[in-house]
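Colleague: one predicted model, sequence on top.
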Amino acid sequence: MRPDWHHQAACRDHDPDLWFPRAGQNERVELAQSICRACPVLDQCRDWVDRHDPPYGVWAGLTQGDRDTKRGHRGSYRSDPWIKAALTHRCGTTAGYARHRRNDEEACQACKTANTEYNAERTRRRRSRKSDA
């Protein structure tokens, strides 16, 4: 169950993948942190993070390394239903297709369709630019 303040969170309207960047995606970390810094419920989020100890991702503007440093030790790795819900990808998007690929699993039909449509549009734009030149 999500906390009541969650509905006011600045992250609510952004792609959840932004808060779970892969290694080396520093720009994504910085973007997520900047959104968190401007969030109207940052204090409530930090309280939630302190109580629930999420195992990875950017939470309340803090990376796992930031949270470990704040605690002074390596945190426990828990399985929280809210974290699992936040990690679910949106099928029918290119981000959903990419997550299937990262997880070495067969992409669902909705994700395959979204990826195919994206690639077709990208190819069309490239060809259009070449013909304009």
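Modeller: Cool, got the structure.

Colleague: burial count for residue 36?
Modeller: Look at residue 36: counted by other C-beta atoms under 10 Å, it has 21 neighbours. In this view, the C-beta of every residue, glycine as well, is placed from N, C-alpha and C.

Colleague: looking at the protein, which helix or strand does the model trust least?
Modeller: helix 81-87 (a mean of 49; mean pLDDT, DSSP states H and E).

Colleague: how close does the spatially most central residue of the chain sit to residue 9?
Modeller: Central residue of the chain (C-alpha atoms, centre = their mean): residue 17, 2.0 Å from the mean position. With distances taken as C-beta to C-beta, to the nearest Å, residue 17 is found 16 Å from residue 9.

Colleague: list the contacts of the longest helix anywhere in the chain.
Modeller: In the chain, with assignment by DSSP state H, the single longest helix is helix 109-132. For helix 109-132, the external contacting residues (C-beta atoms under 8 Å, 6 or more residues apart in numbering) are 91-94, 96-97, 100, 107.
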